[in-house]
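# Structural data only, the sequence is not supplied:
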């Protein structure tokens, strides 16, 4: 059963070494993420599952102890998602960027609680499949927590990665309201086609969360919402 969730954005720029001189611009987002992780720790879960958006080739499970790197972003920094379990085999593939950012955040709070596993969610996964995946995750243990990584639209300004789209502000506002209110129905109803057009990579992981929380009756708090660099970022905590 889902007992807590934290929702965080997943730009590699959250890692100060990657952001370099722009690091302070995301201090508020980083601090909000750490506050959200504190909610997960307080829930004392039996299992923490980290989920984030990926391409088709990177989707799927990542066992505890999987390693990621920010070398692709010009920084020689490696991270590990939890600790390898007894007799566990190392993952044959590196963590995708969204899960590597999550691992970096967990290292910042020195996570020593429940075992940690990763799940890469294909960005184009249909809503119904996301909801089903979430329901399956919630049944993995008696007390399950989720760390859900994902960004909003990338079309908030003319300098955004996806240029300016007038629909982006409304989409991000609706998603932030749903995340802050733990509104499972509203998250499940997010328009997949619109999210794709706005390059909102968080849509699929957010809908996985919605599926996991359908019968959990959790409350939510929005801890951060902004669009630095023209990309919508939101941080929320559910408990």
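Good, I have the coordinates. Just so you know, these numbers come straight off a predicted model, no measurement behind them. Residues are numbered from 1 along each chain as shown.

# Helices of this structure, start to end?
In the chain, helices defined by DSSP state H lie at 16-19, 27-42, 97-108, 127-138, 168-181, 184-188, 192-197, 203-212, listed in chain order.

# Run through who's touching stretch 18-28.
11-14, 16, 70, 73-75, 77, 224, 226, 228 (CB atoms under 8 Å, 6 or more residues apart in numbering). Any C-beta I mention is one placed from the backbone N, CA and C, and that applies to glycine too.

# Equivalent analysis for stretch 61-81, please.
12, 15, 17-18, 50, 82-85, 88-91, 93-97, 99-100, 102-104, 106-107, 115-120.

# For residue 2, give its distance to residue 146.
When distance is defined by CB to CB, to the nearest Å, residue 2 is 7 Å away from residue 146.

# what's the overlap in contacts for the two?
Contact criterion CB under 8 Å, 6+ apart; residues shared by residue 2 and residue 146: 137, 212.

# returning to that earlier point: what's the most buried one of the helices of the chain?
Mean neighbour count (mean count of other CB atoms under 10 Å) peaks for helix 203-212 among the helices of the chain, with a mean of 29.

# what angle do it and helix 168-181 make?
30 degrees (axes from the mean of the first three to the mean of the last three CA atoms, to 10 degrees).

# what does helix 203-212 rub up against?
In contact with helix 203-212 (CB under 8 Å, 6+ apart) are residues 2, 5, 7, 51-53, 98, 119, 121-125, 127, 130-135, 137-138, 144, 146, 148-150, 175, 178-179, 184-185, 187-188, 190, 192, 195-196, 238.

# how far out from the middle of the chain is that helix?
10 Å (CA atoms, centre = their mean, to the nearest Å).

# How many residues are close by residue 166?
7 (other CB atoms under 10 Å).

# ok, now how distant is it from residue 231?
16 Å.

# Low-confidence regions, this protein specifically.
For the chain, the stretches flagged by pLDDT under 70 are 22-23, 85-91.

# Let's see that with 50 instead.
Scanning the chain with the threshold set as pLDDT under 50 gives 86-87.

# Report the contact partners of the residue nearest the centre of the chain.
Geometric centre of the chain, nearest residue: residue 149, 0.8 Å, by CA atoms, centre = their mean. Taking CB under 8 Å, 6+ apart, we find residue 149 in contact with 8-10, 50-53, 98-99, 101-102, 202, 205.

# which residues does residue 79 form a beta bridge with?
residue 68 (DSSP bridges).
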